[in-house]
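**Q** Okay, sequence plus prediction incoming.
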Amino acid sequence: MTDKMTNRKALAYVLENCDLPTEVAEKVEKMVAQLDKKSSAERKPTARQAENAVVRAEIVDYVNENYTEGSDGYTVTDLIKECPAVEGKSNQYVSALLRQAIQAGSLSKGSVKRRTYFAPVGVYEAPAEVAAEG
């Protein structure tokens, strides 16, 4: 079976096999360059991603600094109420940031009586699927 025809392959074929006026050839070459740039992995994070990284780091710092030994840790609701970085934010937003922190190995997650708690690394054992991903 042949490879899938992509926009880049189609434009490259046109450039190689067709006699095009100079202006059209230049435009097609620019289009190929734009496709190459778009598909490159060298993208810098968006403003939102950069902002989320800062907030995530503040959450991790807050949990690490304020965790008391022997406690269960913090629920998402606790963090929304207590952590200044996420005060007033939605549960979904904070949960997503916590999930990213766990995948990065910055926090640990555990369940006590069907409630999910977040604590510094080492308080809860990482489940097998999280340990395998990170």
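**A** Noted; the coordinates are in hand.
**Q** Identify the residue nearest the geometric centre of this structure.
**A** Of all residues in the chain, the one closest to the mean position by C-alpha atoms, centre = their mean is Q100, 6.8 Å from it.
**Q** Ignoring the adjacent residues along the chain, who's closest to that residue?
**A** Nearest non-adjacent residue to Q100, counting by C-beta to C-beta, 6 or more residues apart in numbering: R56, 5.9 Å away. In short, each C-beta sits where N, CA and C put it, glycine included.
**Q** Check which helix or strand the residue nearest to the centre of the chain maps to.
**A** Secondary structure from DSSP states H and E places Q100 in helix 91-103.
**Q** for T116, same thing?
**A** Assigned by DSSP H and E, T116 falls within strand 115-120.
**Q** domains for the chain, by residue range?
**A** Taking automatic domain parsing as the domain assignment, the ranges for the chain are 7-39, 47-133.
**Q** would JSON lines of these with mean pLDDT be doable?
**A** Shown next, in JSON lines, are those (pLDDT from 0 to 100):
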{"stretch": "domain 7-39", "mean pLDDT": "86"}
{"stretch": "domain 47-133", "mean pLDDT": "86"}
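**Q** Can you tell me which of these is packed in deepest?
**A** domain 47-133 (a mean of 15; mean count of other C-beta atoms under 10 Å).
**Q** Would you map the helices across this structure?
**A** 7-17, 22-39, 47-66, 76-82, 91-103, 128-133 (DSSP state H).
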